[in-house]
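**Student:** got a predicted structure here, sequence first:
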Amino acid sequence: MKDFVERGSGRILNVSSTAALFPAGPLQAVYFASKSYVTALGDAIWQEIQGTGVTITTLMPGGMDTGFAKASNLEGTSLAKAMIFTPDVVALDGYEAMMRGDMEVVSKLTPEQEEWFKTIPITPKEILIKQIFEMQS
């Protein structure tokens, strides 16, 4: 990044997950925490590099069909059933957001997920954590 700043131009695309938007992820605590870290780091750097000609964008994919469900033993769960989008359409969303210089982009949520995500700020943490646990069980 130092080279980008010295040059006065550059674009960085971080890949996180919509898991970063939740307070915790039972059964996948390290995954959720890692994605929260990636997103927070990207957001902080976004502010730090304002005015340098460099941008950083954090892509937070929703339900992407990558084999993650199988590798995580989530097959058959409601979470796995929402993993329907192909990586190429998610990558395009990330690329376009990066080219615009957006700080973050949430990509490809099912209609049900879109409605649920709207409630995150007003839902008590205990309820969200229980919902996440149930989605992965």
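**Tutor:** Yep, it's here.

**Student:** each with direction, which strands does the longest strand along the chain pair with?
**Tutor:** In the chain, with assignment by DSSP state E, the single longest strand is strand 54-61. Strand pairing for strand 54-61, using DSSP bridges, gives strand 10-15 (parallel), strand 104-107 (parallel).

**Student:** and these: which comes nearest Ile122?
**Tutor:** Ile122 lies closest to strand 104-107 among the strands paired with strand 54-61, at 17.5 Å (C-beta to C-beta). C-betas here are computed from N, CA, C, even on glycine.

**Student:** neighbouring contacts of the closest one?
**Tutor:** With C-beta atoms under 8 Å, 6 or more residues apart in numbering as the test, strand 104-107 has contacts from 18, 21, 39, 42-43, 57-62, 85, 89-90, 93-94, 97, 117.

**Student:** again, but for stretch 88-97
**Tutor:** 13, 15, 57, 59, 61, 64, 104-105, 107-108.
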